[in-house]
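Participant: I need the structure of the sequence given here:
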Amino acid sequence: MSDEVGRPLDRVDGALKVTGRAPYAPETRVANAARALIVSSTVSAGRLADIDTREAERAPGVLAVLTHKNAPKLKGADSHSRGDRVLQVLQDDALVYNDQPIAVVVADTLEHAQRAGELVRPRYERRAVNVVMARESTAPVKPDKTARGPTDTDHGDFDAAWAAAAVRVDATYTTPAENHNPMEPHGTVAVWQGQDRVTVYDSTQGVFRVRARIAELFDLKPENVRVISLFIGGGFGCKGSPWSHVALAVMAAQVVGRPVRLTLTRQQMFSLVGHRPATRQHLMLGAERHGKLLAVRHDVESATSRFDQFVEPSASQTRMLYACPNIRTSHRLRRLDIPTPTFMRAPGEASGTFALESAMDELAYAAAVDPLELRLRNYAETDPDTGRPFSSKSLRQCYQAGAQRFGWSRRKSQVGAMRDGRLLVGWGMATATYPAGQSEAKATVRLRADGTAVVQTGSQDIGTGTYTILGQVAADALGLPVDRVRVEIGDTKLPEAPLSAGSRTASSVSPAVKGAAEAARAAAIALAVADRRSPLYGLASGQIAVAGGQLRGPGGGHQETYAAVLSRARKDEVVGQFDSKEKPDRKDYAIHSFGAQFAEVTVDPDLGQVRVRRFVGAFATGKVLNSKTGRSQLMGGIVWGIGMALLERTERDARTGRVVTRDLADYHVPVNLDVPPIEIVMIDEADAHVNDVGAKGMGEIGNTGSHAAIANAVYHATGRRIRDLPITPDKLLL
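Facilitator: Below you'll find the predicted structure:
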């Protein structure tokens, strides 16, 4: 073995990205490519009474103008298969949200398409619009299920326990709609080969998911749809589903008979590719006098569209995080005239931990118990929801290590007691958690006669470092230096791998790569021990170790390189393949990652301005495959928490339903000056049950609890409990 796993290696794709040589899907160069532009509605509800495209069609360079009048009919655009979204692909005249596609202009240049788009003349029939959750007309609806299990749960007798509680918290918390805004907007290049075969270059977190959707829509065999996504400029969940623009690009290319490139504008990113839904969360915590939980209730309402359904499972962590015999949770939806929401980094747990961890902080003050001590008093040794033991749980170590690095013992418990000159200083903490899922994945490893290896799997690198960690896993299993391993991903011609989402890429694809590498290694060893010319001839395969690209016998006295073995066998390569599935005993355990978040804020008492001055996050996420990329993922999640706590909010005009924060000037995200020093502590866990490499995933847990830690720190500084995100100066000055 080469001990490559865990090392803080630089990203192997870093140089390509910083020099502009990384081929992103929307930039793919194809011959004779036309440009497509989506024309969007300015009405949120009603129908398209008419649409006049005559002037647009006569404009210079225009190849086609597609509307519901002339667009090809697609199969299953309104379906929910595989959890995909209902699409708006010019199939009828219904208008269901503002900025909905009503036409696609295809021209020889982008400028010609833009000019022609301005000449499309729609005429609308409008109906009343509702985009506000608070209105009584939006009655709550019970969904069938959530992405985290049943809609509702009820363990024990909440009502009796609540009545018996000596200390209570009864509060409502809200989180607004938020948009993803990756640096790279969504974009697609579609190239047809004849009538029944198409290649799609798409900025997607799931090439196989796009393949399945396009095959369904255009009635093609899946093997005749090739999807390529080699590099992605950020995904965060919005690129996890095949949205309308992907099908529209493929449709446009089919109609005009030449390749088509379609890229969304920044403004369209706020309407066409989902968002984090607004939530209203009612928390009730009942405890004994010293804070031991007796009753927990968490009722969630979240917004969804009228034509589709997305449930934000914000009560999921409440079911399993703290020991309590009486827990009741529910999820309800309010249907609005908005686009369908979607996954956004740590869906459910992000908004849910804000509410739960804020309520726990309120309980700590009500019971006069230190917030960290309160969590330790309610530490769950087994999953309260299922009764299963945790496969591994190092949350105590996270609390201890994070508190020590942060200096939590120096915190003054009295609200407003800590100052820095005229600035109020607050310290807050919260628990982080995220489920550690796994999906089936396939991989092939080719060990070549020149002593190098190629890893092939149809996964994606959405900026997390997948190219790097898969190379490390393969190098470790093969006993090769990592620079002798090349990784190929992002193409449906490769072995099938799952969506890069839900913090499950490392936990799903790494075991497949490990298994394939071990199979290739075994094939090379078998050649060596069967070859009379080999110094390893006659040894049992179990006696052979691998390191530094060499096969070594007991004591290291007999050894030779992979290259020598394959050369004598006159083989260009040996191939290992592996199909990784869930371990059989996974169902017997609750499998989650955990962490502890600690924030220090300053608050200007005159301006209400909040600054996060420093942050410590301690996390236990299974085996750390690369301590450098892992640290970056956890830091990135905390930065998202800063944005969620203090800045981010998608605003809609209640009269029209139109998003008014439609660019990065009006939709505020953290920039360098908003981000303080962030210290990351990683607890490297050994977990024999999670998968064959022991990795749980790091992409989302950093976002959970981070915003609550900031909100709790603001309360500690000011005595103002802000239950409605974001925490803006006006809320502190009222």
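
Participant: mind listing the helices for the stretch 301-450 of the chain?
Facilitator: Under the criterion DSSP state H, counting those that start in this stretch, the stretch 301-450 of the chain contains helices at 349-367, 371-377, 395-406.

Participant: buried stuff in the first one?
Facilitator: So the one you mean is helix 349-367. Neighbour-count burial for helix 349-367 flags 349-367 (criterion: 16 or more other CB atoms under 10 Å). Where C-beta positions appear, they are placed from N, C-alpha and C, glycine not excepted.

Participant: what does the last one give?
Facilitator: Neighbour counts using 16+ other CB under 10 Å place 395, 397-403, 406 of helix 395-406 among the buried residues.

Participant: closest one of the residues you listed to residue 374?
Facilitator: Closest approach between the buried residues of helix 395-406 and residue 374, by CB to CB: residue 399, at 11.2 Å.

Participant: leaving out chain neighbours, which residue sits closest to that closest one?
Facilitator: residue 596 (4.8 Å; CB to CB, 6 or more residues apart in numbering).

Participant: so what's the one you found up against?
Facilitator: Neighbouring residues of residue 596 by CB atoms under 8 Å, 6 or more residues apart in numbering: 395, 398-399, 401-403, 429-432, 617-619, 705.

Participant: could you dump the residues you listed to TSV with pLDDT and distance to residue 649?
Facilitator: Output for the contacts of residue 596, formatted as TSV (pLDDT from 0 to 100; distance: CB to CB, whole Å):
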residue	pLDDT	distance to residue 649
395	98	31
398	98	30
399	98	31
401	98	33
402	98	29
403	98	31
429	98	24
430	99	21
431	98	25
432	98	22
617	98	24
618	98	29
619	98	27
705	98	20
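
Participant: okay, these in TSV with distance to residue 270 next?
Facilitator: Shown next, in TSV, are those (distance: CB to CB, whole Å):
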residue	distance to residue 270
395	37
398	36
399	39
401	39
402	36
403	40
429	33
430	29
431	32
432	28
617	29
618	35
619	31
705	27
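
Participant: and those residues, which is closest to residue 177?
Facilitator: Closest to residue 177, out of all of the contacts of residue 596 and judged by CB to CB, is residue 705, at 20.8 Å.

Participant: okay, now the closest one: neighbour count?
Facilitator: For residue 705, the neighbour count with other CB atoms under 10 Å is 36.

Participant: over to residue 311?
Facilitator: Using other CB under 10 Å, the number of residues around residue 311 comes to 22.

Participant: how about the one 3 residues further on?
Facilitator: For residue 314, the number of neighbouring residues by other CB under 10 Å comes to 32.

Participant: check contacts around it.
Facilitator: Residues near residue 314 by CB under 8 Å, 6+ apart: 279, 281, 298, 300, 302, 331, 348-349, 351-352, 355.

Participant: let me have those in a markdown table, extended by distance to residue 581 and pLDDT.
Facilitator: Listed next are the contacts of residue 314 as a markdown table, based on distance: CB to CB, whole Å; pLDDT from 0 to 100:
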| residue | distance to residue 581 | pLDDT |
| --- | --- | --- |
| 279 | 34 | 98 |
| 281 | 36 | 98 |
| 298 | 33 | 98 |
| 300 | 32 | 98 |
| 302 | 32 | 97 |
| 331 | 30 | 98 |
| 348 | 25 | 97 |
| 349 | 25 | 98 |
| 351 | 32 | 98 |
| 352 | 29 | 98 |
| 355 | 35 | 98 |
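
Participant: among those residues, which one lies nearest to residue 547?
Facilitator: Closest approach to residue 547 among the contacts of residue 314 (CB to CB): residue 349, at 40.7 Å.

Participant: show me what secondary structure element comes after the lowest-mean-pLDDT helix or strand in the chain.
Facilitator: Using mean pLDDT, DSSP states H and E, strand 145-146 stands out as the lowest-scoring helix or strand of the chain, at a mean of 90. Using DSSP states H and E, the helix or strand that follows strand 145-146 towards the C-terminus is strand 149-150.

Participant: continuing past that following strand, what's the next helix or strand?
Facilitator: Downstream of strand 149-150, the next assigned helix or strand under DSSP H and E is strand 153-155.

Participant: quick one: low-confidence ranges for the stretch 601-734 of the chain?
Facilitator: Flagging of the stretch 601-734 of the chain using pLDDT under 70 yields the residue ranges 734.

Participant: all the strands of it, in order from the start?
Facilitator: Using DSSP state E, counting those that start in this stretch, the strands found in the stretch 601-734 of the chain span residues 610-620, 678-683.

Participant: just those strands: most buried one?
Facilitator: For the strands of the stretch 601-734 of the chain, the largest average neighbour count (mean count of other CB atoms under 10 Å) is found in strand 610-620, namely a mean of 24.

Participant: partner strands of that one, with direction?
Facilitator: Using DSSP bridges, strand 610-620 pairs in its sheet with strand 592-603 (antiparallel), strand 678-683 (parallel).
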